[in-house]
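Visitor: Give me the fold of what follows.
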Amino acid sequence: MKTKTFIKIGFLLVFMLSSRTLFAQIELPNVIIRATSVVNVKVADAFKGQFQNAVNPRWFKLDKNYLIKFMLADQKNSTLYDKDGNLIYHVSYGEAKHLPQNYLDMVNTEYPGCKIVTAIHIAQNKRSLWLVNVEYKKDYVLTKIEDDELQEVSRVTNATAK
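Guide: Numbers count the residues shown, from 1 in each chain. Model (predicted):
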């Protein structure tokens, strides 16, 4: 019995010492994470030209493109440029007060007494659309407004509504 215990302890010690040696030989490379990246001059100039009043821009490199997140007036914004400084898209995140009046009237006509939760504007090339989240009766409704036409995209029942 003592011999078996002694052998087990011996194997355990040999295993621990050999594994320590194995792991000691593994060297991981140093990883440096940088919060900022070098921004292409064409992109920086294009951004400054289109969004002069941008506050706190944060730049991100995405493949060959540049994503900039920033504040403009009281709205969060995101914009994406290609490496030549061409705008790919611009998204602004807002509320009812940011909707153009004719679109606000359109939503209120379709959903009388609703509460507009968010109004997101997306501009890409010559395309401009609004995604408007509406709280209406016992539902949350996602609408899309494009080319002066309102379309319901989805509707979900609010389980906590009374």
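Visitor: use CA for all of it now, contacts and neighbours both
Guide: OK.
Visitor: what's the domain layout of this structure?
Guide: Domain segmentation of the chain under automatic domain parsing yields 34-90, 95-162.
Visitor: can you tell me which of these the model trusts least?
Guide: Note on the domains of the chain: lowest mean pLDDT is at domain 34-90, with a mean of 91.
Visitor: May I see the buried residues of stretch 148-160?
Guide: Using 16 or more other CA atoms under 10 Å as the test for burial, stretch 148-160 gives residue 150.
Visitor: how about the closest residue to residue 142 other than its chain neighbours, phi and psi?
Guide: Spatial nearest neighbour of residue 142, chain neighbours left out: residue 133 (4.6 Å); criterion: CA to CA, 6 or more residues apart in numbering. Main-chain torsions, residue 133, degrees, to the nearest 10: phi -90, psi 130.
Visitor: before we move on, what about residue 89?
Guide: According to degrees, to the nearest 10, residue 89 has phi -160, psi 160.
Visitor: can you pull out the strands in this structure?
Guide: Applying DSSP state E to the chain gives strands spanning 55-62, 65-72, 75-81, 87-94, 115-124, 127-136, 139-146, 149-157.
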